[in-house]
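>>> dropping a prediction and its sequence here:
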Amino acid sequence: MSKLAQKRILLGITGGIAAYKSIELVRLLSKAGADIQVVITEGAKAFVTEMTLQAVSGHPVRSTLLDPNAEAGMGHIELAKWADLIVIAPASADFMARYAQGMANDLLSTLCLATESPVLLAPAMNQAMWKHPATQTNASLLSGRGVLTIGPASGVQACGDVGAGRMSEPSDIFAAINDHFKTTASPQDLAKQHWVITAGPTMEAIDPVRFISNHSSGKMGYALAQAALERGATVTLISGPVQLPAPAGAHLISVKSADDMLAACTAAMAHQADVFIGAAAVADFKMKHASEQKMKKQGDIDELQLTLVKNPDIIAHVAKNNLAKCVIGFAAETQNVIEYAKSKLNKKGLDMIIANDVSRTDIGFNQDDNQVSVITKDAILSPEKATKTALASELVSLIAQHTHATH
C-alpha cells in the first residue's frame, strides 16, 4: 500500500521556468493516491495555467489570499490546517527570501507561516543566484527552523549557465515526499487484527427509480479504514453508495440496503473480528413492500402514503451475537447528543460510541472536518475539531488502547 494514499499534500508553485515540471509531480502524487491542492503565485502564472493544474489535481487552483468564497474569507487558514505536507516546487530565490523573513504578502507565503505541518522546498534558480550569500543565508535560516529541502540539482540551465540551481526532477521530489511519510509512518501494532468497518449511507428502494437515503458521504468511515490500515490491520470496508475511492489494501464490499449490509457484516465476521466499527448511516426504515414498477401519479391526488417498517439493527446484531471482540458505534444526533449516545451505548451493549452533532454545518455529513465525543461506560473524551483524516487516526488509537485494556 502506498504511504501517500489519502495524504493531503499542498503543492505551491512559484515563478520560474521549472514550474512546468510541477505538472508531472502532481500526476505522480495523484497516481499514488494523494489528495493534491495547488497554490500558485502571480509569477507562476507566466509559466503554467490554472486550468492545466486543476485538470491534473482534480481541485480548483488557489492564488488569492483573501478568498471571498472561503468561509469568513479565511481560506488560507483552512488550507494551512488541511495539509499533511506543504511542498514548494519550484521554490524561487524571491520566495525563499520572503519566507525566511516571515513575510506574508501572498497566499503561499501566508500558508507557510500559518501551517503547523512540515514544509519541503525544491529550490530552482540561476546558479549565481543560488550561490549568492543572501540565498545561502536564507536557506540556512529555513533549514534551522526545520524546513525540509531537496536539491537543487546541477546541470545546464535554461539560460545556458551550468551549475547548481536546477529544480530536482519530479521523480526525485516524489521519492523525497514518499520517504518523508515512511519516516513518519504509524506503528504496525494492529498487524494481527481484523477490523470490519461500515461506511456511507444505505439506500432503501421505494420503486426501481426512487429510494430513501441520507446525507452521509462515507468520509469518516473511509478515513477510519485508512487509519487502521496504516497501523497494519486487515480491514474489511462494507460501504453503502459513496463517491470515494477505497483505501488501497482494504477489502471493499459495496452494498445498497440495510439488509445487504447486515448480510455482508455477518459473512465478514463468520470468524470473530477483533474490532467492528459501525460508522455507516443506516436508514432506520424501509418500504414494507417496494414497488416492482415505477409508481405513477394517480390523477389529481396531492398526497401519497408509504408504509415503512423498521430496518434490522446491524450494530445491535453484531454486539448481541458476539461477532467482534470490540464493538464501536456512531451516534449522529441533532440534540441531547451525549444523553442519546449514552442510551444507545447501554441499550445495544456496545464497548464504545462516537457521537457527533450533525445539526452543525461545519462538521459531520459531507464535510471534511468533524468533532466528536468518545463515550465508554466509564469516561467521556472530547477530541478537538479536526479533519476527518486526523480525527480517524486519533480514534483508531483510542479504540486500540480500549481494546488492549479490556480484552
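That came through, no problem.

>>> confirm Glu394 sits in a helix?
Yes. Using DSSP: H, G, I helix; E, B strand; the rest coil, the assignment for Glu394 is a helix.

>>> that one and Ala114: what is the separation?
According to Cβ to Cβ, to the nearest Å, Glu394 and Ala114 sit 22 Å apart. (C-beta placed from N, C-alpha, C; glycine too.)

>>> using PDB, write out every CA atom in stretch 16-30.
Taking C-alpha atoms only, stretch 16-30 is exported to PDB below (Å, rounded to 0.1, in the frame of the first residue of the first chain):
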ATOM      1  CA  GLY A  16      10.300  30.000 -12.700                       C
ATOM      2  CA  ILE A  17      10.800  28.000 -15.900                       C
ATOM      3  CA  ALA A  18      10.800  24.800 -13.800                       C
ATOM      4  CA  ALA A  19       7.200  25.400 -13.000                       C
ATOM      5  CA  TYR A  20       6.100  23.200 -15.900                       C
ATOM      6  CA  LYS A  21       7.700  20.200 -14.300                       C
ATOM      7  CA  SER A  22       5.300  20.500 -11.400                       C
ATOM      8  CA  ILE A  23       2.500  19.200 -13.600                       C
ATOM      9  CA  GLU A  24       4.300  15.900 -13.700                       C
ATOM     10  CA  LEU A  25       4.800  16.000  -9.900                       C
ATOM     11  CA  VAL A  26       1.000  16.400  -9.400                       C
ATOM     12  CA  ARG A  27       0.400  13.500 -11.700                       C
ATOM     13  CA  LEU A  28       2.800  11.200  -9.800                       C
ATOM     14  CA  LEU A  29       1.300  12.200  -6.400                       C
ATOM     15  CA  SER A  30      -2.300  11.700  -7.700                       C
END
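
>>> for the record, mean pLDDT for stretch 294-312?
Averaging pLDDT along stretch 294-312 yields 85.

>>> for it, measure first residue to last.
Taking Cα to Cα, to the nearest Å, the first and last residues of stretch 294-312 lie 25 Å apart.

>>> in it, which residues are buried?
Within stretch 294-312, the residues that qualify as buried are Asn311, counting by 16 or more other Cβ atoms under 10 Å.

>>> check the offset of that stretch from the chain's centre.
38 Å (Cα atoms, centre = their mean, to the nearest Å).

>>> what sits up against that stretch?
Outside stretch 294-312, the residues that touch it by Cβ atoms under 8 Å, 6 or more residues apart in numbering are 202, 204, 206-210, 212, 258-259, 262, 282-289.

>>> go with 10 Å
202, 204, 206-210, 212, 257-259, 261-263, 265, 282-291 (Cβ atoms under 10 Å, 6 or more residues apart in numbering).

>>> again with stretch 376-383
Residues from elsewhere that reach stretch 376-383 (Cβ under 10 Å, 6+ apart): 328, 338, 341-342, 345-346, 350-355, 370-375, 390-391, 394-395, 398, 402, 405-406.

>>> can you flag which of the contacts of stretch 294-312 belong to strands?
In this view, the contacts of stretch 294-312 that belong to strands under DSSP state E are Glu204, Ile212, Phe285, Lys286, Met287.

>>> buried among those residues? Make that a ChimeraX selection.
In ChimeraX, a selection of the buried entries from the ones in strands among the contacts of stretch 294-312 looks like this (16+ other Cβ under 10 Å):
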select :204,212,286,287
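
>>> mind listing the helices for this structure?
For the chain, the helices defined by DSSP state H occupy 22-31, 50-57, 75-82, 93-100, 107-114, 127-131, 133-144, 170-183, 219-230, 258-268, 314-320, 337-348, 388-406.

>>> and of these, who's closest to Asp189?
helix 388-406 (6.6 Å; Cβ to Cβ).

>>> between the ones in strands among the contacts of stretch 294-312, which is nearest Leu107?
Closest to Leu107, out of all of the ones in strands among the contacts of stretch 294-312 and judged by Cβ to Cβ, is Ile212, at 42.9 Å.

>>> which residues does the closest one contact?
Applying Cβ under 10 Å, 6+ apart to Ile212 gives the contacts 201-206, 257, 283-287, 290, 306, 308, 311.
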